[in-house]
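K.L.:
quick one, what's the 3D model for this:
(chains A and B)
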Amino acid sequence: DTGVSQDPRHKITKRGQNVTFRCDPISEHNRLYWYRQTLGQGPEFLTYFQNEAQLEKSRLLSDRFSAERPKGSFSTLEIQRTEQGDSAMYLCATTVKGDGELFFGEGSRLTVL
Amino acid sequence: AQSVSQHNHHVILSEAASLELGCNYSYGGTVNLFWYVQYPGQHLQLLLKYFSGDPLVKGIKGFEAEFIKSKFSFNLRKPSVQWSDTAEYFCAVNAWQAGTALIFGKGTTLSVSS
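P.N.:
Modelled structure (predicted):
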């Protein structure tokens, strides 16, 4: 048990639908990261929160993607008007330190039909 | 911008063989370096890390890595692999003290036959 919880673990949706993923961090971890991983690739950075502030966003995060962390605890990642290219594993990672050591959740796998 | 290259996509070894996985990074400043491992069906977990000091770092399960600054490399080694080491291995880097996100390589799949 990593302590980082992600929900749902697997989501199958039709193209054009909206989906939302949730991440619950390890208690007291104030830094939260979203990554995307596709087959044969390493995790690709999407966005980063420190407490409730979204401090960094990757160019991969198109206008259809939005992330929030309203109270500095759990975070949500929403994808609007999903496309087949959005099919991937969406990973959440948290930490209390800024040195880069991240604790990952099990991920939420998105399949867009 | 930072980038990470892992030379081997898939490595196949027999038990007791020695392992070395290559990792090179591109970044002009001081960096933190990491190796993460993902066992089948499990989440990513930290294997070892380098921040500063002794360039030879030891991690869990007998793994070690050596930071060679002049070569921008951080290769992972293990003298004798076990079947349970079958996993995907990711090298990662971030800029030292910048609090920036980890940048990962594409990963190396290690298959160990018993």
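K.L.:
nearest residue to the middle of chain B?
P.N.:
Compute the mean C-alpha point of chain B, and by Cα atoms, centre = their mean the closest residue is B:W35, 3.4 Å away.
K.L.:
and that residue, what pLDDT?
P.N.:
pLDDT recorded at B:W35 is 97.
K.L.:
just checking, B:V4 touches B:G107?
P.N.:
No - the pair B:V4 / B:G107 is not scored as a contact, 10.0 Å apart, by Cβ atoms under 8 Å. All C-beta atoms are positioned from the backbone trio N, CA, C, and that covers glycine.
K.L.:
shared neighbours of the two, anything?
P.N.:
Here B:V4 and B:G107 have A:G42 as joint contacts, going by Cβ atoms under 8 Å, 6 or more residues apart in numbering or on different chains.
K.L.:
contact partners for B:C91?
P.N.:
The contact partners of B:C91, taken as Cβ under 8 Å, 6+ apart, are B:4, B:6, B:21, B:23, B:25, B:33-35, B:74, B:76, B:104-105.
K.L.:
with A:E78 instead?
P.N.:
So A:E78 contacts A:18-21, A:65-68 (Cβ under 8 Å, 6+ apart).
K.L.:
who wins for most neighbours among the residues you listed?
P.N.:
Highest neighbour count within the contacts of A:E78, by other Cβ atoms under 10 Å in any protein chain shown: A:F21, with 24 neighbours.
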